[in-house]
Every structure is written in structure tokens, then in C-alpha cells.
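Participant: Sequence first, then the predicted structure:
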Amino acid sequence: MPQTITAIQGPVLTFTGDPFQKGLDQTLVYEPDAIVAMEDGLITHFGPADQVKGLLPPNCDVKSYGKDALISAGFIDSHVHFPQTPMIAAYGEQLLDWLNKYTFPTEQKFADKEFARSVAKVFLQENLRNGITCGCVYCTVYPQSVDALFEEAEKLGMRLAAGKVLMNRNAPQSLLDTTQSGYDESKALIGKWHNRGRLMYAITPRFAPTSTGDQLEAAGTLWQEHPDCFMQTHLSENKGEVAWVKELFPDRAGYLDVYDHYKLCGHRAIFGHGIHLTDSELQRMHVTGSAVAHCPTSNFFLGSGFFNIAHAMKRERPVRVGLGTDLGAGTSFSILATLNEAYKAAQLNSYALSAAHAYYLATRGTAHAMYLDDKIGSIAPGMEADLVVLDMRSTPIIDYRMRFAESFEEALFIQMTLGDDRAVQATYVAGQLVYTRDQTREVADTGQIAAE
Ligand code: GUN
Ligand code: ZN
């Protein structure tokens, strides 16, 4: 009989609930020598190695990653633009000028499906190299860019949400749809892709300035027709943007109220940024169960500000918060680098984000923000087997610094402060090993992935 069960051994970190609400004592699980076993895409066993070993079939090989590894649920990126992969690190502008000068010209190239496919391959490979096993992804206005991404994600077996950008004003003519064509194309994409295997559709009005009220209303109607889809957009990222929305929608009470009015708040709504939300807007986010995607590398890069995570998640009215890279305004695919910047954003709000809370955010917390925490984001039997294996000594300076670490918390904090893609030694998607650092695939100048 072929062996279908895969088992790996090493230290494991996972969470059974939300430490922001219940504290770390009640939610953090650290098992210094554990086995995680997987079969048919799901985790079948998790526990101390000496206990789990006896429960596995006698012929089952257990791959040990050693005591300097850390096995975690795969990282989740709740806000990212795959078409911006070719324009990461675009100099000199804040949000609105950055969109006009760099983003819109780049996104026009995605009318060509084969170009879109070549970028999707690089994008997904970078996700796996960084231990990201699930994302909520913006495509472009062109439906073929959505097909290209989903086709490539399906080959990898990834759980992924994505959608066609809806945009019918305030962008170059060739990037505009209409209220009707945007609705029709999105509906057709939902029929084709939503819940096909692990793929999910996200209705994606880019943000209020690039959609008329009519188009936002059509997006709300579409979401009511397909309520288990995601809805993703941008919200209160930049002060100039907030002022522009006030001019464009003078009858609305504020930026969030524009979306609320068109029935775009609710479960599975993911709003990028939310830096400048008022208390009453945060209250409304809480009541409607809407989520913020916190994207600190982007917020610093575009000079947008620093999101106050502690305030957003306060226990009296917690808002769901996920973590996002927001490439290409974000500057790294690395979730460790993103946590490093999340720590700094918190510091600027006079709050110290603990390493354990940060790892929760990168995994189960983002799954919770996306209403996927019953499927992904933690390690337990029955959960989908998406895992990342970190190397806790991935660079000379990390190796050196780790000699002085006196606790697991400190070791975790060292990783998120100094670590990057080099710390990811293996990534598993649906129980399959899809990336191993030590057999790195080369990305050639052409953007093609070289033969494995
Ligand atoms: N607001 C509207 N579009 C975008 C985008 O592509 N990136 C970011 N960071 N903000 C946006
Ligand atoms: Zn964005």
C-alpha cells in the first residue's frame, strides 16, 4: 500500500483562541517536541512526539526538523495585490500619486493573460517561499487576470480568495469597467471559481473614489446574492484619500458609511488599512463583524500612518484584525518582516505588541478576520494541513543572538525582528511539501520559474 500519511516532528507553536481577548495563558500552545501528521489534506494527529508516535501506522516515516525548527500553521496574508509584484519599491509618492504614476500603468499590462500568468507564478512562488499558504488577493479589472491567478493557485492546491477589481471612474480609460460589465464579469467569475476546491471569490470594489455610487450598489447587490463570498476594498488609508471621499460622497457621514450605505459591511468584509477610522466607525466595524487588514510595511512605505491595533482590538468592542503585506505598496512578502513593522506601528501608538500576539495575528488571527478559523490558522486534528517550518537560526546574526535568548517568547521576538524569507525552511499546502529552502528554485530574469 502506498503511504499517504505525512508526519513531521519538531517544536510547534499554535493557538486555540484569541490571546487579545482571552490572554496567552488560555490560548497559546507550545509543544517543544511534537509530531504533526497529515493525510488527504487534513491534519490527523498533533501532540507530544512520544504520544503521537504510537498512534501512527508502523511504516510511517516521521521527518524530523530538529530542535532549532518551529512548526506553525501557514501564514495568511489578508490583503495583497498580485499585479503589483513587478512594481514593488516604486519611489517617491504617497497613495493617490503612487496609484496614478506607478500602479495604474502596471495594471494595464494584465489585459494580456499570459503576462498575468507569468506574474501569478512568481507571486505564488514568493508566497510559498515566505510560508504564506493563504491570501486574499486583488487582481486587476481584467477577468483574465483573475483566471490566471486562480489557475495557478489551483495547481498548487492553495486556499486562496481573489477577485476582479471593480473600477468605473477616476482611473485611465483602459482600466475602467462599467457598473453593468463589472457586475456581470464578477458574477461569471463567482460561478466559475467560488468554492471550486479551496478557491474562494472576493467581490473587489477597489475603493470608493474609483467607483460611482451605482457601482458600489451593484457590488452590494452581488454580495447579497452570494453572501458566502468575501468583499474586499480599501478604507481610510491616507488623509488626502479620506478628504476626497468626503467630497465625492457629501451625503454620507464618513468613509465607512459610504460602504455601509451600499451594504458592503458584514461578515467576510475585509477593509484594507483603516488607519484613520473614528471611534464610531470602529464601533460599526465591530457591530457588523467587518475586518481590517493591517498592512504596516505599506503604511510606512507610503507614509500613510500607523494603525492602532490595541485600540481596534480592545476587549469592549473588538474589531477583527488580519495582517496584510499589501504588496506592491508593501515592501516585503515576508510575514516576519511584516510583524517587525507591526511592532513598530504599535510602538508609535505607545503599545508593545508581544511576539506571541504577533504570531497569533499572522495565523489564527487573520483566519478569524476572514471567518476561516474553522479551517486554517491553527494546528489541530481536522484542520487543513497548511504549515510553515521556520529555522530559528537562519542567519549568522540570528544564530548569535539566539545564544542569549532566555525564553521561548524572546526567541520568537528575535525571529520577527531579524528574520525574513531565509527563516522559512519548508512550506506544506494541504499536506504536500510545496517548498523547501534547501532546494531553492531559481527565478530567472524573465520571471519564469526555472525547472525544478
Ligand atoms: N487604494 C486604492 N487602491 C490601492 C492600492 O492598490 N494599494 C493601496 N495601498 N491602496 C489603494
Ligand atoms: Zn491594497
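Facilitator: Happy to help now that I have it. Numbers count the residues shown, from 1 in each chain. Ligands and ions are numbered 1, 2, ... in the order given.
Participant: and the residue of the stretch 301-450 of the chain found nearest ligand 1, which of the three is it?
Facilitator: Scanning the stretch 301-450 of the chain for proximity to ligand 1 using CB to the nearest ligand atom identifies residue 329 as nearest, at 3.7 Å. C-beta: built from backbone N, CA, C; applies to glycine. Recorded secondary structure, residue 329: coil (DSSP: H, G, I helix; E, B strand; the rest coil).
Participant: top helix in this structure by residue count?
Facilitator: For the chain, the helix with the greatest residue count under DSSP state H is helix 113-129.
Participant: SS state for the residue of the stretch 151-300 of the chain found nearest ligand 1?
Facilitator: Taking CB to the nearest ligand atom as the measure, the point where the stretch 151-300 of the chain comes nearest ligand 1 is residue 234, at 3.8 Å. For residue 234, the assignment made with three-state DSSP gives strand.
Participant: and it, what is it in contact with?
Facilitator: Applying CB atoms under 8 Å, 6 or more residues apart in numbering, one finds that residue 234 lies in contact with 206, 207, 241, 271, 272, 273.
Participant: still on that earlier bit, tally of neighbours for the residue of the stretch 301-450 of the chain closest to ligand 1?
Facilitator: The burial count assigned to residue 329 is 30, neighbours taken as other CB atoms under 10 Å.
Participant: Quick check: closest non-adjacent residue to it.
Facilitator: Taking CB to CB, 6 or more residues apart in numbering, and ignoring the residues beside it in sequence, residue 329 has residue 298 as its nearest neighbour in space, at 3.9 Å.
Participant: Please report how far the one you found lies from residue 378.
Facilitator: Here the distance between residue 298 and residue 378 works out to 26 Å (CB to CB, to the nearest Å).
Participant: Give me the more crowded residue out of those two.
Facilitator: Neighbours per residue, other CB under 10 Å: of residue 298 and residue 378, the larger number sits with residue 298, 28 against 23.
Participant: Does that one touch residue 332 like I think?
Facilitator: No: with contacts counted by CB atoms under 8 Å, residue 298 stays clear of residue 332, the gap being 9.8 Å.
Participant: Quickly list what's touching both of these two.
Facilitator: Residues touching both residue 298 and residue 332 comprise residue 325, with contact defined as CB under 8 Å, 6+ apart.
Participant: tell me the contacts of residue 309?
Facilitator: Contacts of residue 309 were listed using CB under 8 Å, 6+ apart, and they are 294, 321, 342, 345, 346, 349, 351, 353.
Participant: what's the pLDDT at the spatially most central residue of the chain?
Facilitator: Most central residue of the chain, judged by C-alpha distance to the mean C-alpha position with CA atoms, centre = their mean, is residue 77 at 0.9 Å. For residue 77, the pLDDT comes out at 99.
Participant: How about the one 5 residues further on?
Facilitator: Looking at residue 82, its pLDDT stands at 98.
Participant: What is the burial count for it?
Facilitator: Count around residue 82 with other CB under 10 Å applied: 29.
Participant: Residue 262 now?
Facilitator: Each residue near residue 262 was counted by other CB under 10 Å, and the total is 23.
Participant: That one is in contact with residue 219, isn't it?
Facilitator: Yes: Residue 262 sits in contact with residue 219 when judged by CB under 8 Å, with a separation of 6.8 Å.
Participant: Which stretches in the stretch 101-250 of the chain count as strands?
Facilitator: When secondary structure is read from DSSP state E, counting those that start in this stretch, the stretch 101-250 of the chain shows strands at 132-138, 159-163, 165-166, 199-205, 230-235.
Participant: Show me the one of those that comes nearest residue 407.
Facilitator: Taking CB to CB as the measure, the strands of the stretch 101-250 of the chain were each checked against residue 407, and strand 132-138 came out nearest at 27.0 Å.
Participant: Distance from the chain centre to the closest one, please.
Facilitator: 5 Å (CA atoms, centre = their mean, to the nearest Å).
Participant: Is that strand in proximity to ligand 2?
Facilitator: No: applying CB under 5 Å from the ion, one finds that strand 132-138 is not in contact with ligand 2, the shortest distance being 6.3 Å.
Participant: go on, stretch 287-303?
Facilitator: No: contact between stretch 287-303 and ligand 2 is absent, the nearest approach being 6.8 Å (criterion: CB under 5 Å from the ion).
Participant: Make sure residue 426 is actually in contact with residue 432.
Facilitator: No: no contact is recorded between residue 426 and residue 432 when judged using CB under 8 Å, the distance being 11.0 Å.
Participant: If you count surrounding residues, which of those two has more?
Facilitator: The residue with the greater number of neighbours, taking residue 426 and residue 432 and applying other CB under 10 Å, is residue 426; the counts read 22 against 14.
Participant: Which strand residues bridge that one?
Facilitator: The residues listed as beta-bridge partners of residue 426 by DSSP bridges are residue 389, residue 436.
Participant: tell me the contacts of it?
Facilitator: Under the criterion of CB under 8 Å, 6+ apart, the neighbours of residue 426 are 65, 387, 388, 389, 433, 435, 436, 437.
Participant: Any chance of JSON lines for those, columns neighbour count?
Facilitator: JSON lines is the format used below for the contacts of residue 426 (neighbours: other CB atoms under 10 Å):
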{"residue": "65", "neighbour count": "17"}
{"residue": "387", "neighbour count": "26"}
{"residue": "388", "neighbour count": "25"}
{"residue": "389", "neighbour count": "26"}
{"residue": "433", "neighbour count": "14"}
{"residue": "435", "neighbour count": "23"}
{"residue": "436", "neighbour count": "14"}
{"residue": "437", "neighbour count": "16"}
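Participant: Now residue 31: closest residue in space, sequence neighbours ignored.
Facilitator: Excluding its sequence neighbours, the residue lying closest to residue 31 (CB to CB, 6+ apart) is residue 12, at 4.6 Å.
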